[in-house]
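Colleague: Got a predicted structure plus its sequence, pasted below:
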Amino acid sequence: MEKEEAELFVPRLVTTEENFASGHRACIGCGEALAVRHVCKALGKNVIIVNATGCIEIISSLLPQTSWCVPWIHTLFENVAAVVSGIESAYKARVRKGKITPAKEVKFVGFAGDGGTSDIGIQALSGAMERGHNFLYCCFDNEAYMNTGIQRSSSTPYGAWTTTAPVGKKSIGQMTWKKNMPEIAVAHKIPYVATACPSYPFDLMDKVKRGVEIEGPAYVHILSPCPTGWRCQPNLSIEIGRLAVETGVFPLYEVINGEYRLSIDLPELKPVKEYMKKQGRFRHLTEDVIEKIQARVEAEYLELKEKAGVK
């Protein structure tokens with residue numbers, strides 16, 4: 001293990017209080033549920049969470065039960081950022097008018113999946129970032145619309161099987177490359193953008209804390225392994241998340257006021273085949289296609305290192 005990677009596993013003081021309670025209905029091995037648990041530990045109690053329709057909402061809020069131990073609002077697929085920015089604005093207006101006494105460090109946070117972020121929610125998110133609202137947005141990226149039956153999204157990786165990007169004589173599955181949502185967030189010139197994964201829990205929690213502490217919009221993109229949709233064994237979620245990072249498929253980095261910082265500097269990437277071979281959604285890919293993906297991953301990782309000033 002490289003020194004930089006080892007530092008991500010150095011123990012921190014983490015609360016034992018659970019703001020996202022157990023007993024929810026997530027699939028066995030769900031990386032997204034684990035990520036939500038870590039994020040909620042980092043956020044603490046003084047928070048208002050707005051959550052889009054999707055896996056997180058469905059597994060956690062079936063009446064008369066709930067897993068939420070903090071103020072939480074369910075909203076539609078497409079308008080998390082609009083609702084959370086409205087709540088943030090209303091709070092500031094009521095404080096300004098003397099209607100309420102400002103609470104210390106109230107945090108306004110949006111949760112959505114990749115579909116609710118990079119597809120049908122991107123308009124509201126772009127507007128909220130452009131207006132400069134003070135909120136944190138967390139995208140839990142399981143790379144498809146898993147809640148409704150594993151349909152492809154713009155975050156589905158090239159070559160992956162989904163129910164709406166099936167494999168056939170003239171199709172390798174997903175025919176387009178994954179949308180780079182963190183870079184779209186960076187293009188809005190917001191103060192904080194980061195990538196994270198529950199396979200690196202301390203790094204994830206550190207980034208969430210930095211995101212809510214910074215003034216202005218913050219965006220954290222969290223890779224959330226999905227055994228059901230990725231066609232992998234439930235006990236491999238953590239391993240697959242680490243392989244996504246170690247192969248360069250999903251690099252961990254931060255962009256703070258436009259400055260790129262690699263969370264891990266990998267001098268040599270593992271082959272993407274090591275990541276793919278553990279997932280049934282890629283089992284149909286030929287060596288030629290895998291080599292094409294490998295070349296693109298290496299080129300994009302080199303570009304990221306150049307942005308971070310790493311040689």
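Modeller: Thanks, I have it.
Colleague: gap between M146 and E291?
Modeller: 28 Å (CB to CB, to the nearest Å). All C-beta atoms are positioned from the backbone trio N, CA, C, and that covers glycine.
Colleague: same check, this time on T15
Modeller: T15 is 45 Å from E291, by CB to CB.
Colleague: hmm, who's touching the helix or strand hosting E130?
Modeller: Using DSSP states H and E, E130 sits within helix 122-131. Helix 122-131 is contacted from outside by 78-82, 84-85, 110, 117, 135, 137, 184-185, 188, 190, 217, 219, using CB atoms under 8 Å, 6 or more residues apart in numbering.
Colleague: orientation of the very next helix or strand once past it relative to helix 122-131 in degrees?
Modeller: Per DSSP H and E, the first helix or strand lying C-terminal to helix 122-131 is strand 136-141. In terms of direction (axes from the mean of the first three to the mean of the last three CA atoms, to 10 degrees), strand 136-141 departs from helix 122-131 by 150 degrees.
Colleague: Show me the contact partners of the helix or strand where G241 lies.
Modeller: With elements taken from DSSP H and E, the one containing G241 is helix 237-246. For helix 237-246, contacts defined as CB under 8 Å, 6+ apart pick out 29-31, 34, 197-200, 223, 225, 227, 230, 232, 249-252, 264, 266, 269-270, 274-275, 278-279.
Colleague: Go through the residues you listed and flag which are in helices.
Modeller: The helices, defined by DSSP state H, take in G31, L34, P227, W230, E274, Y275 from these.
Colleague: Report the buried members of these.
Modeller: G31, L34, P227, W230, Y275 (16 or more other CB atoms under 10 Å).
Colleague: biggest separation within those, which pair?
Modeller: L34 and Y275 (18.6 Å; CB to CB).
Colleague: All the helices of the chain, in order from the start?
Modeller: Using DSSP H, helices in the chain cover 3-7, 31-43, 55-60, 80-96, 114, 122-131, 181-187, 201-213, 227-230, 237-246, 272-276, 287-307.
Colleague: Just send those helices back as TSV, with distance to V70 and mean pLDDT too.
Modeller: Formatted as TSV, these follow (distance: least, CB to CB, whole Å; pLDDT from 0 to 100):
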stretch	distance to V70	mean pLDDT
helix 3-7	30	59
helix 31-43	7	98
helix 55-60	12	96
helix 80-96	14	96
helix 114	23	98
helix 122-131	21	98
helix 181-187	24	98
helix 201-213	13	97
helix 227-230	27	98
helix 237-246	25	98
helix 272-276	34	98
helix 287-307	34	97
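Colleague: Highest mean neighbour count out of these?
Modeller: For the helices of the chain, average neighbour numbers computed from mean count of other CB atoms under 10 Å are highest in helix 114, which has a mean of 28.
Colleague: For it, which outside residues touch it?
Modeller: C139, F140, D141, N142, E143, A144, S153, S154, S155, M181.
Colleague: Please, a ChimeraX command that selects the buried ones among those?
Modeller: A single ChimeraX command suffices to select whichever of the contacts of helix 114 are buried according to 16+ other CB under 10 Å:
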select :139,140,141,142,143,144,153,154,155,181
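Colleague: need the contact list for Q174.
Modeller: Contact analysis of Q174 by CB under 8 Å, 6+ apart lists R152, T156, P157, Y158, G159, A160, W161, T162, A165.
Colleague: how far away is it from Y219?
Modeller: Where Y219 is concerned, Q174 sits at a distance of 24 Å (CB to CB).
Colleague: how about the spatially most central residue of the chain, what does it touch?
Modeller: For the chain, I222 is the residue whose C-alpha lies nearest the centre (CA atoms, centre = their mean; 2.1 Å). Applying CB under 8 Å, 6+ apart to I222 gives the contacts A35, V39, C138, C139, F140, D141, T195, A196, C197, P198, L204.
Colleague: residues contacting the third one?
Modeller: With CB under 8 Å, 6+ apart as the criterion, the residues that contact C138 are V39, V109, G110, F111, A112, V208, V220, I222.
Colleague: One more: the second one?
Modeller: Neighbouring residues of V39 by CB under 8 Å, 6+ apart: F111, C138, L204, M205, V208, I222.
Colleague: From T162, how far off is it?
Modeller: For V39, the distance to T162 - CB to CB - is 26 Å.
Colleague: same check, this time on the fourth one
Modeller: Look at C139 and T162: by CB to CB, they are 18 Å apart.
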